[in-house]
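>>> Need a 3D model of the following:
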Amino acid sequence: MLCNSWDVMEPICYFLTTSVNLWGLIYFVRFKKENRYDTLWEQITSRQKQKFYKTYAFDESRYKYLKKLVHGHTKDNAFK
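Here you go, the predicted model:
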């Protein structure tokens, strides 16, 4: 007995769609963020940054302060 191609593909498509939707729901409940590539990328890079900061004893608050100081200085003197 030969099966039609849709008889094979219908359950595959159903389970694939259900799995993707379930993954999106679990991701949203766990991280309270939308399941999008940019939020996932932000989360991955954030973890890598934190690991880097911890490994090399990088002071992130000092970096942000200096960045704000330099940015404010260049912004004030831009049109003088």
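>>> What's the first helix or strand after the lengthiest helix in the chain?
Ranked by number of residues, the top helix in the chain under DSSP state H is helix 5-31. Later in the chain than helix 5-31, the nearest helix or strand by DSSP states H and E is helix 37-55.
>>> quick one: buried residues of the next helix or strand after that following helix?
Reading on from helix 37-55 to the C-terminus, the next helix or strand found by DSSP H and E is helix 60-76. Within helix 60-76, no residue is scored as buried using 16 or more other Cβ atoms under 10 Å. Heads up, the C-betas are built off the backbone N, CA and C, glycines and all.
>>> Helix 60-76 to helix 37-55, inter-axis angle?
Inter-element angle recorded for helix 60-76 and helix 37-55: 110 degrees (by axes from the mean of the first three to the mean of the last three Cα atoms, to 10 degrees).
>>> Show me what helix 60-76 is in contact with.
For helix 60-76, the surrounding residues in contact (Cβ atoms under 8 Å, 6 or more residues apart in numbering) are residue 53.
>>> Now it - C-alpha only, CSV.
Extracted as CSV, the C-alpha positions of helix 60-76 are listed here (Å, rounded to 0.1, in the frame of the first residue of the first chain):
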residue,chain,number,x,y,z
GLU,A,60,31.8,47.6,34.1
SER,A,61,30.5,50.4,36.2
ARG,A,62,33.8,52.3,35.8
TYR,A,63,33.7,51.7,32.1
LYS,A,64,30.2,53.1,31.8
TYR,A,65,31.1,56.1,33.9
LEU,A,66,34.1,56.9,31.7
LYS,A,67,32.1,56.3,28.5
LYS,A,68,29.4,58.7,29.8
LEU,A,69,32.1,61.3,30.8
VAL,A,70,33.8,61.1,27.3
HIS,A,71,30.5,61.1,25.5
GLY,A,72,29.2,64.1,27.4
HIS,A,73,32.5,66.0,26.9
THR,A,74,32.6,65.5,23.1
LYS,A,75,28.9,66.4,22.9
ASP,A,76,29.3,69.7,24.8
